[in-house]
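Asker: sequence isn't available, so here's the structure alone:
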């Protein structure tokens, strides 16, 4: 079956612009996660959805970052007034239930964001 | 907070060599432990996991045992292949979700 997909695969934008990154999870997966991976580092948690609601957004770095999942499937990560430090690969993952500690997460290929 | 420390790379080995990638963790309580792998041009995928102390995870010839006494989850394989070349992440899973190590780039030469 289809895995997690993310669009676009690459996004280049200018400092100060607004960007949206999209994630399509595996069908039927209730949990969805966003991570950010900088060069040479492991992924860092941003936000976790259980269904339509954000169950944990403690990883969002500041109020320029926001994410939604209005129908409990597709999610969009939104970044306002982008800064050069936002450049990274943004990863989305989904899992079939709410076991954050034990469930296998299925990752998408990521969106590489470059802020000039 | 929770943290995961794994050996720095790159690690370069010849085909059929024995592999160990060290991983230790610091956490409140006893988390689940995972190894995720990223092959060139592909997304992260689960390699193996252990959800409690003394559990052994295994897959594709790789093994790791959850050692509570040493807070470790070292990844081993008896005979590596060129196709094992990838970046390997040790990951802790707790109440606050997954905590990733920095990753170890493994290069296997024929």
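Answerer: Thanks, I have it. Computed from a predicted model, the values in this text were never measured in an experiment.
Asker: partners of the helix or strand of chain A with the lowest mean pLDDT in the sheet?
Answerer: Using mean pLDDT, DSSP states H and E, strand A:53-56 stands out as the lowest-scoring helix or strand of chain A, at a mean of 92. Sheet pairing for strand A:53-56, assigned by DSSP bridges, gives strand A:44-50 (antiparallel).
Asker: leaving out chain neighbours, which residue sits closest to the residue in chain B that chain A sits nearest to?
Answerer: Chain A sits closest to residue B:100 of chain B, with a gap of 3.0 Å, by C-beta to the nearest C-beta. Every C-beta, even on glycine, is put in place using the N, C-alpha and C of the backbone. Of all residues not flanking residue B:100 in the chain, residue A:42 sits nearest, at 3.0 Å (C-beta to C-beta, 6 or more residues apart in numbering or on different chains).
Asker: pLDDT wise, what is that neighbour at?
Answerer: Among the per-residue scores, residue A:42 shows a pLDDT of 93.
Asker: hmm, it is touching residue B:103, no?
Answerer: Yes: at 5.5 Å, residue A:42 and residue B:103 qualify as touching, with contact defined as C-beta atoms under 8 Å.
Asker: anything in contact with each of the two?
Answerer: Residues within reach of residue A:42 and of residue B:103 at once, by C-beta atoms under 8 Å, 6 or more residues apart in numbering or on different chains, are residue B:89.
Asker: quick one on the thing from earlier: what sits up against the least confident helix or strand of chain A?
Answerer: A:47-49, A:67, A:69, A:98, B:96-97.
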